[in-house]
Structure formats: structure tokens, C-alpha cells
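> sharing a sequence plus its predicted fold:
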Amino acid sequence: MSSIVIENPDVAARAEELRNEQLTNRRVRIDRMFAGLMLLQYAAGIIGALVVSPYAWQGKEKVIHMHVWVAVLGGAGITLLPLLMAIFKPGTTITRHVIAASQMLWSALLIHLTGGRIETHFHVFGSLAFLAFYLDWGVILTATIVVAADHFLRGVFWPESVYGIANAEWWRFLEHAAWVAFEDVFLVWSILLGQREAGQAAERQAAIEHLSEQEQLKTAALEMALAEMQGATA
């Protein structure tokens with residue numbers, strides 16, 4: 001079947017069309033998954049802030065802790081744009097990259113809310129694994145740039161919010177970025193394999209459609225020839 005795809009431009013074009021259609025449908029579903037995940041993270045961020053640092057005392061006045069406002073307002077700012085794009089522009093390239101950047105910002109916010117706890121940094125690796133479902137290595141690149149930039153900038157200006165200590169070395173972000181890059185190698189490899197498998201599946205389907213169409217044409221031609229023979233002998 002693959003030889004038919006290679007030799008017939010129409011079949012090759014149909015295979016490419018099927019591949020793009022399958023990838024688009026997949027990415028629309030993943031956009032919707034991330035829309036739900038964004039809302040879940042928003043709720044979790046607020047609940048976490050309320051549990052960890054709900055109030056602060058200023059003299060005799062009891063006020064809501066700044067972390068709660070960061071979770072409410074910062075979380076809303078991170079969630080709103082990708083949520084709207086997943087609803088109104090699902091399956092598009094820009095939506096995937098916005099979601100990737102926003103998901104990494106959610107990792108940054110959760111790390112900040114937990115005071116830079118090392119356990120929360122695993123949210124970064126889980127997020128990258130989810131983003132790999134898109135089968136688009138460019139999305140992984142966007143996410144990696146965002147998380148590396150976040151660790152670098154906060155490591156310089158506010159290291160306690162990302163590492164949990166006030167005097168972290170400026171180059172410490174390279175260690176975290178190296179682990180992210182380590183995961184990226186395997187994710188990009190799996191993405192390329194997934195893209196190849198999607199292309200092969202599309203080629204097989206296009207070849208089957210081509211053969212089915214050819215059989216239908218042969219059947220129609222045979223029926224027409226029999227009808228002409230019957231008409232000639234009548």
C-alpha cells in the first residue's frame with residue numbers, strides 16, 4: 001500500500017490531508033483537556049494559598065495574606081487567555097503555544113505559593129508530559145523557554161520564591177533547566193515517533209480508500225460492459 005501512496009500524487013495528497021485532520025482533531029481535544037486543567041489548577045492554587053497562608057496580622061488588624069490575592073488574581077490572569085483560546089480557537093498553533101506558556105506559568109505560581117518546595121517543581125515535568133500529547137515539539141520548546149526564563153529571573157531577583165532560600169547562586173537555574181532538557185529529549189523523541197505513526201496510519205487509510213475507489217470503478221465498468229452486451233444481444 002505504501003508504494004501506491006508514493007507513486008500516486010493524489011493518494012499522497014489524501015494521506016497528508018488525513019494526517020492533518022487527525023492531528024487537528026487530537027489537538028482540539030487536548031486544548032479542551034487543558035482548559036479543564038487550568039480551571040482545576042486555579043481552584044487548587046486558591047485552596048492551597050488559603051490552607052498554607054490564609055491570614056496575616058498587621059497590628060490588631062487581621063488581613064488576608066498576600067499569597068491568597070496572588071493565587072486569585074495571578075491565577076485568573078494566567079488562566080483567562082488560554083481558557084478563551086481553547087474555547088474559541090481550538091486546534092490552532094497559537095492556542096497550543098499560549099497554553100504551553102500558561103501551563104509553565106502555573107508551575108511557577110504553584111512553586112511560589114509553596115515557598116519553592118522541591119516537590120512542587122515536579123509540576124513542571126508533569127506539565128511537559130501533558131504538553132507532549134499535542135505531538136508538536138515546538139510546544140515543548142516554548143514551555144522550556146518559559147520555565148528557564150522564570151527560574152533565571154526569579155533566581156536573580158527573588159530566589160526564595162523559586163528555591164526556598166534567600167541566597168541561591170544565580171546559575172542554579174541551569175541545573176533545573178538541564179533536568180528539563182533531559183526530559184525534553186525523550187518527549188521530543190516520542191513526539192517524532194508519534195508523528196511518524198500518525199503519518200503511516202494516514203498513508204494506509206489513503207491507500208485503502210484508493211484501492212476501494214479503484215474496485216468501485218472496475219465494478220461500474222464491468223456492469224456497464226455487461227449491460228451493453230445484453231443490449232446488443234436483445
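Structure received.
> averaged pLDDT, the longest helix anywhere in the chain. What do you get?
Secondary structure assigned by DSSP state H gives helix 172-233 as the longest helix of the chain. On average, the pLDDT along helix 172-233 is 84.
> run the chain-centre distance for it.
With C-alpha atoms, centre = their mean, to the nearest Å as the basis, helix 172-233 stands 23 Å off its chain's centre.
> now do stretch 169-188
Chain-centre distance of stretch 169-188: 19 Å, with C-alpha atoms, centre = their mean.
> buried sites along it?
Arg172, Phe173, His176, Ala177, Val180, Glu183, Asp184, Leu187 (16 or more other C-beta atoms under 10 Å). (C-beta placed from N, C-alpha, C; glycine too.)
> which residues touch the third one?
With contacts defined as C-beta atoms under 8 Å, 6 or more residues apart in numbering, His176 is in contact with His121, Val147, Ala148, His151.
> before we move on, what about the last one?
With contacts taken as C-beta under 8 Å, 6+ apart, Leu187 has the following neighbours: Leu128, Ala129, Leu131, Ala132, Trp137, Ile140.
> so which of those are in helices?
Counting by DSSP H, the contacts of Leu187 place Leu128, Ala129, Leu131, Trp137, Ile140 in helices.
> please report the distance of the fourth one from Arg96.
Separation of Trp137 from Arg96 (C-beta to C-beta, to the nearest Å) stands at 11 Å.
> so between these two, which is more surrounded?
Each of Trp137 and Arg96 has its neighbours counted (other C-beta atoms under 10 Å); Arg96 has more, 24 against 17.
> wait, that one sits on Asp31?
Yes - assessed by C-beta atoms under 8 Å, Arg96 is found in contact with Asp31 at 7.4 Å.
> in which helix or strand does Glu169 reside?
Counting by DSSP states H and E, there is no helix or strand that carries Glu169.
> also Pro90?
Using DSSP H and E, Pro90 falls outside every helix and strand.
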